[in-house]
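**Student:** what's the 3D shape of this:
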Amino acid sequence: MIGKCLCGEVAFEILGSIPRLYQCHCSLCRKQSGTASNAATIVGARKFRWLNGEQAISSWCKDSGFRSDFCATCGSPVPNPLRGLPYYWIPVGLLETDAPLRFAAQLHLASRASWDACDGDGLYYDSMPDLSAFLELLGSDVP
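**Tutor:** Residues are numbered from 1 along each chain as shown. Predicted coordinates:
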């Protein structure tokens with residue numbers, strides 16, 4: 001499955017099936033996405049491949065380790081490596097597919113915006129679950 005940023009400068013491919021999705025409702029994801037939540041998935045590094053545009057990616061990191069990678073041309077959020085682990089975070093809005101994708105979880109509901117009427121599918125978590133259990137819930141392959 002192919003994914004591209006808004007201008008098409010950055011493109012990537014996910015090999016095999018797409019893991020289930022999640023929505024994060026924390027304040028950082030709200031600011032990054034400009035909406036109530038950030039829809040994403042996580043794939044093992046062996047299933048991820050850049051097609052073009054890696055040189056067009058800019059990054060910004062908070063002291064906490066939160067990282068935002070984006071296309072320097074159009075500003076779209078783009079995949080980034082998951083905190084030094086053999087996984088990639090994928091913003092699913094970049095995927096070019098009509099395949100039915102399923103949400104497995106809603107994260108950080110304790111810090112969601114007062115105007116966020118979260119009614120998404122999947123398990124509900126007030127914060128971040130244990131990472132290994134979360135990756136299993138998504139169906140992310142072992143890297």
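
**Student:** contacts, neighbours, all on C-alpha from now
**Tutor:** OK.

**Student:** burial count for Thr35?
**Tutor:** The criterion is other CA atoms under 10 Å. On that basis, Thr35 has 13 neighbouring residues.

**Student:** next one: phi and psi at the spatially most distant residue from the centre of the chain?
**Tutor:** For the chain, the largest distance from the centre (CA atoms, centre = their mean) belongs to Ser114, which lies 22.7 Å off. For Ser114, the backbone dihedrals are phi -60, psi -30 (criterion: degrees, to the nearest 10).

**Student:** which element follows the lowest-mean-pLDDT helix or strand in the chain toward the C-terminus?
**Tutor:** Ranking every helix and strand in the chain by mean pLDDT, DSSP states H and E puts helix 27-33 at the bottom, with a mean of 91. Where DSSP states H and E defines the elements, the next helix or strand beyond helix 27-33 is strand 38-44.

**Student:** now for that following strand, which elements pack on it?
**Tutor:** Judged by 3 or more CA pairs under 8 Å, 6 or more residues apart in numbering; DSSP states H and E, the packing partners of strand 38-44 are strand 21-24, helix 27-33, strand 87-91, helix 131-138.
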